[in-house]
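# give me the fold of what follows.
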Amino acid sequence: MTSYLVGVSLLSILAAPALAQTGADPAAPPAASTRAAASNDIIITAPVQQSERDVLQGTSVLAGEALTRNLRPTIGETLARLPGVSATSFGPSASRPILRGFQGERIRVLTDGIGSIDVSNTSVDHAVIIDPLLAERIEVLRGPSALLFGSSAVGGVVNVIDTRIPRSVPDKGYRLAGIANYGSAASERSIEGAGDVAVGQHLVLHADGSYLKSDDLRIGGYALSRAARAAAASQIGLPQDSEEPIDFAASTRIRGRLPNSAAETWTAGVGAAIITDTGNLGVSYSHYDSLYGVPIRYATAVGQEQEAPRLSVVQNRYDLRGEVQTGGGVLDRIRIRLGHADYRHFELEEDGSVGTAFYNNGTEGRLELVQANHGGWSGASGVQYFNRLFNVVGDEAFLPRNATDQTGLFTLQQFASGPFRAEGGLRYEWSTLAARADQDNRFFSGQRSFQALSGSLGASYALSDAVRIGINGSRTERAPSAEELFANGGHAGTQAYELGSPDFRLEKSWGLEATLHAHTAGVNFDASAYYNWFSNYISENQVDPSVCVAAASPSGRVVDLPCFQYQQADARYYGFEADVSATLFRLGQVRVNGDLLGDYVHASIVDLGPVPRIPPARVLGGLEAQGDRFTLRGEVEHLFEQNRITAFETPTQSYTIANASLSLSPFGRDSKTTLLLSANNLFDVNVRRHASFLKDFAPLAGRDLRATLRFAL
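Predicted coordinates:
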């Protein structure tokens, strides 16, 4: 890997970042509670950067005051109030974003344009190795153009933009930023600091670090749902054939606190960049270390220690980013982005011993050639490479040692003429996935290769200076993941025996999306509606236990968990998301704004029924008073009941939560020093997120009073 980095460094004259420089966060526009300010709405994740209102697909940007208000320990919970976004919520320390009902292998979570290089896609109890405390800005792209970041991005892309590799020389020769946070629900204490210093005219050095510690989460009622308590009560007094019998009576009484949900996480990073008027080249190193508990399903019997699974996670990561402006007539600039990480996590037993170990060694890189604009024609083309070496060792090794090697060629072309805009994208990707079974003959041993071609085509038209409508279509192909191909074993995190199929074919889909953007001086409205047709859609479904018994028999393993098998079938997804914000009236220098968002997803597998764990319909409305030195906001979020469920799910009741916040800017809104006080889930509702595997055992936080201080010099 070192020689690879050195070789890439020789291309510094051609180096380019996947993300361009972001400006300071200005005052928020009317009711822009979850959107970027008007002068800060450039979508910089896409290769060809453009205004958020001009992007064909649905997008969201979280920055500035809204990012501070929504900040949580996980990236999933931080984004969960954006339109079309939910979260997996496997306890307070492991929560991955869900976009339009898609999760896992169908969305990509990036840090500064490159994958997080962890194993969060493998299981919902595995944390995403991105610290939201370090985020300067988060962009969410949904729809076809997200495919430029990989065929697994059919659902969308989340890109967390940080400052670890500097993008500009500090005006004063230095800059400092920090954030301190306290949340009452888990006695959450966190602090983060970052600083840049200029050495000479062109070299900038960077250092950052963060620390978070939280106790068991306080919840608004019983840990077990009503259905789970009834099921547990029906087992009280019955004989149990188990070395660790469950105390069902004690389980029904757990309330107020979520056992084994405490966490402790720290990060540290250094970076350096050479920055000139025509380009930059930077590198960084970061370390991530976390120990967190996974909420229990049931308490063990009296006299036994309560089951308390914990995960110890460590990642060491190296990154490179560069850009050069060519000044040529064909190419405007060239960008390069590269990341490599060594990851491991240990799943710890009661006595602290390692039960199962996960090892992931990953490398990802992108080279982008950005065209000069000629007569309204612009675009970017490039190559992306990804390699993953993955191994699971121990009692719950449900996958063989495996390797994924993937190369993609992509292009995005745009044309603009007056009110008309057109966009087309194409990606060709070839993947090789190989598994080596070692001594365990229950696993597949061999290799599968796939060639996938995906494309999108769309157009938009400005009906006026304020209103633009658009439509785009896509044809996507996705290679199955190693987990979908090679799984064959019990997985405690999902409480399932998981069985893949090495004979899977490409997953294919057609998609249509219509968009509407309307932005005036006092009103902002954005809406998207979409429909996706899948063939060979890969889903995990509960099957007869004999299927898993037969698969496990060569190794002599006992199948003592429900049997879930990955299968391919046709599927349909459709839905919408919309949000509107407006200035309602003014009281002197104070502007009173209102905003409302809503989203809905309907997903079915043909001949099988609903796709499991699909978020229910939702509406969220807010009212805020915004002055020069303060923002006072109240909001109410309502999630409807979810009764479209599979045979192995339980329905989820509707709920309504209320939040309030006060943001103070003592030095004026142009200053980056703010104090934010918030009260979340004011009425202490016991919230259960339908998309969570643990919804019947682990509610979300109860009433949570938070104080956040952010400063920048």
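# what mean pLDDT does stretch 511-526 get?
For stretch 511-526, mean pLDDT is 93.
# next one: that stretch to chain centre, how far?
How far stretch 511-526 lies from its chain's middle: 24 Å, per Cα atoms, centre = their mean, to the nearest Å.
# next, the distance between the ends of that stretch.
19 Å (Cα to Cα, to the nearest Å).
# isn't Ala146 right up against Gly156?
Yes. Between Ala146 and Gly156 there is a contact at 5.0 Å, judged by Cβ atoms under 8 Å. All C-beta atoms are positioned from the backbone trio N, CA, C, and that covers glycine.
# which neighbours do the two share?
Arg108 (Cβ atoms under 8 Å, 6 or more residues apart in numbering).
# next up, the contacts around Tyr211.
Contacts of Tyr211 by Cβ under 8 Å, 6+ apart are 190-192, 265-266.
# so which strand or helix has it?
strand 203-214 (DSSP states H and E).
# give the buried residues for that strand.
Neighbour-count burial for strand 203-214, with 16 or more other Cβ atoms under 10 Å as criterion, is recorded at 204, 206, 208-210, 212-214.
# and Gly352, helix, strand or coil?
Put simply, Gly352 is coil when judged by DSSP: H, G, I helix; E, B strand; the rest coil.
# and for it, the neighbour number?
9 (other Cβ atoms under 10 Å).
# so how far is Val393 from it?
17 Å (Cβ to Cβ, to the nearest Å).
# same check on Ser509?
Distance from Ser509 to Val393, by Cβ to Cβ: 35 Å.
# which one's more surrounded, those two?
Ranked by neighbour count (other Cβ under 10 Å), Ser509 and Val393 place Ser509 first, with 22 against 14.
# phi, psi for that one please.
phi -150, psi 150 (degrees, to the nearest 10).
# that one contacts Thr476, doesn't it?
Yes. Assessed by Cβ under 8 Å, Ser509 is found in contact with Thr476 at 5.0 Å.
# can you list residues touching both of these two?
Val154.
# strands paired with the lengthiest strand in the chain, and their directions?
For the chain, the longest strand by residue count, based on DSSP state E, is strand 563-587. Using DSSP bridges, strand 563-587 pairs in its sheet with strand 496-499 (parallel), strand 523-542 (antiparallel), strand 590-605 (antiparallel).
# what's the closest of the ones you listed to Ala582?
Closest approach to Ala582 among these (Cβ to Cβ): strand 523-542, 4.5 Å.
# buried ones among the contacts of Tyr211?
Of the contacts of Tyr211, these count as buried by 16+ other Cβ under 10 Å: 190-192, 265-266.
# neighbours of the nearest residue to Ala434 once chain neighbours are set aside, how many?
Distances taken as Cβ to Cβ, 6 or more residues apart in numbering place Gln447 nearest to Ala434, at 4.3 Å, with adjacent residues excluded. As a burial measure, Gln447 scores 13 neighbours (other Cβ under 10 Å).
# now swap in Arg468 and tell me
21.
# helices or strands next to the host helix or strand of Ala434 in the packing?
Using DSSP H and E, the element containing Ala434 is strand 420-436. Secondary-structure packing of strand 420-436 (3 or more Cβ pairs under 8 Å, 6 or more residues apart in numbering; DSSP states H and E): strand 401-417, strand 446-462, helix 482-486.
# to Arg142, which of the ones you listed lies closest?
Comparing the helices and strands packed on strand 420-436 by Cβ to Cβ, strand 446-462 comes nearest, at 12.5 Å.
# residue ranges with poor pLDDT in this structure?
Scanning the chain for pLDDT under 70 picks out the ranges 1-42, 46-54, 143-145, 301-307.
# what residue is smack in the middle of it?
Geometric centre of the chain, nearest residue: Pro97, 3.8 Å, by Cα atoms, centre = their mean.
# tell me how far it lies from Ala459.
29 Å.
# next one: Val580
Distance from Val580 to Ala459, by Cβ to Cβ: 24 Å.
# and the contacts of Tyr211 as CSV, adding distance to Tyr343?
Compiled in CSV, these are given as follows (distance: Cβ to Cβ, whole Å):
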residue, distance to Tyr343
Ser190, 22
Ile191, 24
Glu192, 21
Thr265, 15
Trp266, 16
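# restricted to strands, list these.
Short answer: the contacts of Tyr211 in strands (DSSP E) are 190-192, 265-266.
# and the helices in the protein, which stretches?
Using DSSP state H, the helices assigned to the chain run over residues 2-9, 64-70, 75-79, 226-233, 248-253, 482-486, 545-552.
# of the ones you listed, flag the one that's most buried.
When the helices of the chain are scored by mean count of other Cβ atoms under 10 Å, the highest mean neighbour count falls to helix 75-79 (a mean of 26).
# that one - contacts with which helices or strands?
Looks like helix 75-79 contacts helix 64-70, strand 85-87, strand 97-99, strand 137-141, strand 156-161 (3+ Cβ pairs under 8 Å, 6+ apart).
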